[in-house]
Every structure is written in structure tokens, then in C-alpha cells.
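>>> here's my sequence, what's the structure:
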Amino acid sequence: MTEVADTAVGTHDAAKPFAVGITVRGYETDTQGHLNQSVYLQYAEHARWSLLKASGIRQSAMVDRRIGPVTVETTIRYRRELRAGDEVEVSCAFVWGDGKTFRIEQTVRTADGTVAAEVSAVCGLLDLTARKLLPDPRAALRELADDPSLLGLTAD
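Purely as a prediction, here's the structure:
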């Protein structure tokens, strides 16, 4: 995952997943006038880093600990085109299971609630020295987070 400059403020309400607002910029559109397919990944990435930041995890803290998030698989389902000027909200929720990987489920919605895209990613935390996935990413994120509940983790 790569960090994106803050373009929106993240919101969190216990009733819905964490989300950030983004305005589609003209230079992000293609010759058909709709949002270029690669930009959906950038929006998803921005929401992920915004959620980590909201939970109290800064990229620099991860680098200091010699770990970093990696994506091993991404699926995007395009549901509705987006055009320059559209206001969207990109949600982000961590889904935990057992093992070295976890899922991040995201939805891109227009201002009226219409689903424009769904992004699902399989991710892990890479040990930057050993170049292997950490065996328990939950423990590492819980240790770094001020509010691990935003990541779907208990404060153990």
C-alpha cells in the first residue's frame, strides 16, 4: 500500500464502516469521461491509510518497526461509472480470520448512496527485514494502534 496525501477527512460511526470522502477530479478521468479504472485502487488505498491513521497507526511507526502492509490480491467490481465532480465515499473494513492474511472490504458510493464499485483485497504485514509475512498481523496492528477497534480488533 502506498500513502496518499490527505484529500478527505475520515469518519467513523459504530453503525457503519470507516469511510473517507473524495471528489473525482477531472484529470482522473479517461477518454470516455469516466473515472479511470486504476484510480479506484488509489481511492481504496487512500481510505486504508486514512483508517490506519485514524486508529493511531502512522506509516513512520510501521517503518520504524520494520513492517509494512502488502496486498496479495485485489478484486474490483465496477457497478456505476463516476465522472469528474462526483462526490464519493470510500468505506474500509478489516475482516479477520486466522493466519498471515486478512481481507479489507471497501465500497465506493456516490452521494445518493449508489454503489459505484466494490473492492476486496487480501492483505498481510511484511517483515521488511526477513521479507516474509508476519505470522500474526492482528497482534502487530493491535500493538501499534491507539484504537484497535477501528480495525475490528479488541484491545487485548
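>>> how near is the residue lying closest to R66 once chain neighbours are set aside to A139?
Using Cβ to Cβ, 6 or more residues apart in numbering and skipping the chain neighbours, the partner closest in space to R66 is L128 (4.5 Å). For the C-beta atoms, the positions are set from N, CA and C on the backbone; glycine is no exception. Look at L128 and A139: by Cβ to Cβ, to the nearest Å, they are 17 Å apart.
>>> equivalent analysis for D146, please.
D146 is 16 Å from A139, by Cβ to Cβ.
>>> T129 too?
With Cβ to Cβ as the criterion, T129 and A139 are 17 Å apart.
>>> and T23, by the same measure?
Plainly put, T23 is 37 Å away from A139 if you go by Cβ to Cβ.
>>> list the contacts of the residue nearest to R66.
63, 66-68 (Cβ atoms under 8 Å, 6 or more residues apart in numbering).
>>> which SS state does L125 fall under?
strand (DSSP: H, G, I helix; E, B strand; the rest coil).
>>> touching, it and T71? I think so.
No. With contact defined as Cβ atoms under 8 Å, L125 does not count as touching T71 (11.2 Å).
>>> among those two, which residue is more densely surrounded?
L125 (24 against 16; other Cβ atoms under 10 Å).
>>> tell me the mean pLDDT for stretch 64-80?
On average, the pLDDT along stretch 64-80 is 97.
>>> what's the helix or strand for the closest residue to E105 other than its chain neighbours?
Nearest non-adjacent residue to E105, counting by Cβ to Cβ, 6+ apart: A93, 5.1 Å away. Using DSSP states H and E, A93 falls within strand 87-95.
>>> which strands and helices sit next to that strand?
strand 16-23, helix 37-54, strand 101-110 (3 or more Cβ pairs under 8 Å, 6 or more residues apart in numbering; DSSP states H and E).
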